[in-house]
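# Here is the input, now give the coordinates:
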Amino acid sequence: MQRRRGRTERARKRRRRSSGSRAVNESYRSEFIELRKWLKERKFEDTDLVPASFPGTGRGLMSKASLQVKAAFNEKTRCYEIRTASRCRKHQEVFICYGPHDNQRLLLEYGFVSVRNPHACVPVSADMLVKFLPAADKQLHRKITILKDHGFTGNLTFGWDGPSWRLLTALKLLCLEAERFTSWKKVLLGEVISDTNEKTSLGVAQKICSDVIEETHAVLRKVSDMKEGTVSLRSQLSLVEALRMEELRILQASAEILSGLLAPFS
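As a prediction, the model looks like this:
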């Protein structure tokens, strides 16, 4: 006859199961001691968060007490304060929601780059937009004015899913044949004007993409050379390198998509 397991044994089993899922406080480590000194010099006085190692997520911040409210600028302390939007229990890991930012903004505002960031993109400047257009187009100035008036000269990008709708729309208007120029409003509404216009605008997008890929390769070579000779800036250069590598992958994905879109016109 098997002996029944009592409550004490069940409690031991629960403790053994949970011991591998607890966070390990790492505030004693020298790098975190230096970090807290650095923060204190800058008037950071929070004592409810400590660095810890969490199973599954790695290093993070652990709450020493239950936390609550919001993010706002504190007029008394003259600091921007972040508070939790939902209740955070004691000893739980505290996360920050950065929002749908691309890698350039994450690097500039938070100092890191997210690999395979779904919001990552490569911007296309207004100068690059007209680089591969025929200079003989007498309506080009008027087309550019229309794009500016309707807000189509900014936020033009390549992403993981190819050129953005705004980028393609801007190129379709810029590539409008002279005899179809009066249809520019239809272009901005997303209508297909002609096969010729579709093929030409996709071709220009492909040339822009290829040009930016070459430029990115050149920047990566320069960063690599700088890392060899500038030891003091190696960590910063590594971040720039990570950003550019991610942009290169995005551009290569966009180039493949554009090849597929152009295939029916061949």
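# Just the helices from the chain, written as ranges.
For the chain, the helices defined by DSSP state H occupy 7-19, 30-41, 103-110, 126-130, 140-149, 165-174, 184-188, 195-229, 234-262.
# Deepest-packed of those helices, please.
Among the helices of the chain, helix 165-174 has the highest mean neighbour count (mean count of other C-beta atoms under 10 Å), at a mean of 22. C-beta here means a position set from N, CA and C on the backbone, and glycine is covered the same way.
# quick one: that one to helix 140-149, angle?
Per axes from the mean of the first three to the mean of the last three C-alpha atoms, to 10 degrees, the angle that helix 165-174 makes with helix 140-149 is 150 degrees.
# low pLDDT regions in the stretch 51-200 of the chain?
Within the stretch 51-200 of the chain, the stretches with pLDDT under 70 are 56-57, 65-73, 80-88, 90-91, 93, 95.
# sorry, back to before: with distance to K76 added, can I get the helices of the chain in a markdown table?
What follows is the helices of the chain, written out as a markdown table (distance: least, C-beta to C-beta, whole Å):
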| stretch | distance to K76 |
| --- | --- |
| helix 7-19 | 41 |
| helix 30-41 | 19 |
| helix 103-110 | 24 |
| helix 126-130 | 44 |
| helix 140-149 | 44 |
| helix 165-174 | 43 |
| helix 184-188 | 49 |
| helix 195-229 | 43 |
| helix 234-262 | 34 |
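# Looking at those helices, which is nearest to N117?
Taking C-beta to C-beta, helix 103-110 is the member of the helices of the chain nearest to N117, at 5.4 Å.
# Contacts for that closest one, please.
Identification of contacts with helix 103-110 by C-beta atoms under 8 Å, 6 or more residues apart in numbering yields 98, 101, 112-114, 117, 120, 123, 239-240, 243, 246-247.
# residues in contact with stretch 218-230?
With contacts defined as C-beta under 8 Å, 6+ apart, stretch 218-230 is touched by L233, R234, L237, S238, V240, E241, R244, M245, L248.
# Go through these and say which is closest to R42.
Distance to R42, by C-beta to C-beta, is smallest for L233 among those, at 22.5 Å.
# show me what contacts the closest one?
With contact set as C-beta under 8 Å, 6+ apart, L233 has these partners: M226.
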